[in-house]
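Q: Pasted the sequence and its predicted model underneath.
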Amino acid sequence: MRYEDANESLVELYLKIAEERFQTIANLNIKLMFDTKRRVSMGKLRLATVEIANEKIKYFTRNEVELEGVDYIVIVDKKAWELASEKDRTRLISHELRHVFVDETGKHKLLPHDIEDFAAEVKLNVDDPDWANKLTTLVVDVYEQEKDLKKLDK
């Protein structure tokens, strides 16, 4: 399977970050999951993404806890998660949660970056502003090494 449910480390970190930085989204139902394959968009590896759940996803994710299903889905590249430091994991999840927005009518939206990242995240990451590029390079290198090894096995 391409997708996997989030493990305990992702769930715990998400809860910690949501409580510390994003109290306004605490009542949202957010599904956390891993993508086990490389995801490239516009020529760039996606370490993580957030999506608004459509009606079909809402239907399939209904249960005793989420009666209406999930509101958003956060998808994290599993290899990036495994290779990232705890600090970079925090940065990654915090960045994705900056996209989540519910307007005054209750409509779920995704916010674009206000600069290449988010100004708030730049301030939080002043100690290592290039963290995402470094992590992306590392993950791409590992994916390429795995691809080369598969070629050798054939």
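A: Structure received. Given the structure is predicted, the values throughout are model-derived calculations rather than measurements.

Q: Only the buried residues of the helix or strand bottoming out on mean pLDDT in the chain, if you could.
A: None of the helices or strands of the chain scores lower by mean pLDDT, DSSP states H and E than helix 119-124, at a mean of 80. Using 16 or more other C-beta atoms under 10 Å as the test for burial, helix 119-124 gives residue 121. For the C-beta atoms, the positions are set from N, CA and C on the backbone; glycine is no exception.

Q: Tell me the confidence at residue 83?
A: With respect to pLDDT, residue 83 scores 97.

Q: Tell me which residues touch it, please.
A: Residues in contact with residue 83 (C-beta atoms under 8 Å, 6 or more residues apart in numbering) are 135, 138-139, 142.

Q: next one: phi and psi at it?
A: Note on residue 83: its backbone torsions stand at phi -90, psi -20 [degrees, to the nearest 10].

Q: so where is the protein shaky, pLDDT-wise?
A: 115-117 (pLDDT under 70).

Q: Let me see the ranges of the strands in it.
A: Applying DSSP state E to the chain gives strands spanning 3-5, 30-35, 40-41, 44-45, 48-52, 72-77, 100-102, 108-110.

Q: contacting residues around the least confident helix or strand of the chain?
A: Helix 119-124 has contacts (C-beta under 8 Å, 6+ apart) with 91, 94-95, 98, 115, 129.

Q: In ChimeraX, select just the buried ones from the contacts of residue 83.
A: Entered in ChimeraX, the line below selects the buried ones among the contacts of residue 83, by 16+ other C-beta under 10 Å:
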select :135,139
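
Q: want to try CSV for the contacts of residue 83, with distance to residue 53 as columns?
A: Below are the contacts of residue 83 laid out as CSV (distance: C-beta to C-beta, whole Å):
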residue, distance to residue 53
135, 27
138, 30
139, 26
142, 30
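
Q: ok, the contacts of residue 83 vs residue 38, which is closest?
A: Of all these, residue 139 has the smallest distance to residue 38: 8.1 Å, by C-beta to C-beta.

Q: Once you drop chain neighbours, what's closest to that closest one?
A: Nearest residue to residue 139 in three dimensions, chain neighbours excluded: residue 80, at 4.8 Å (C-beta to C-beta, 6 or more residues apart in numbering).
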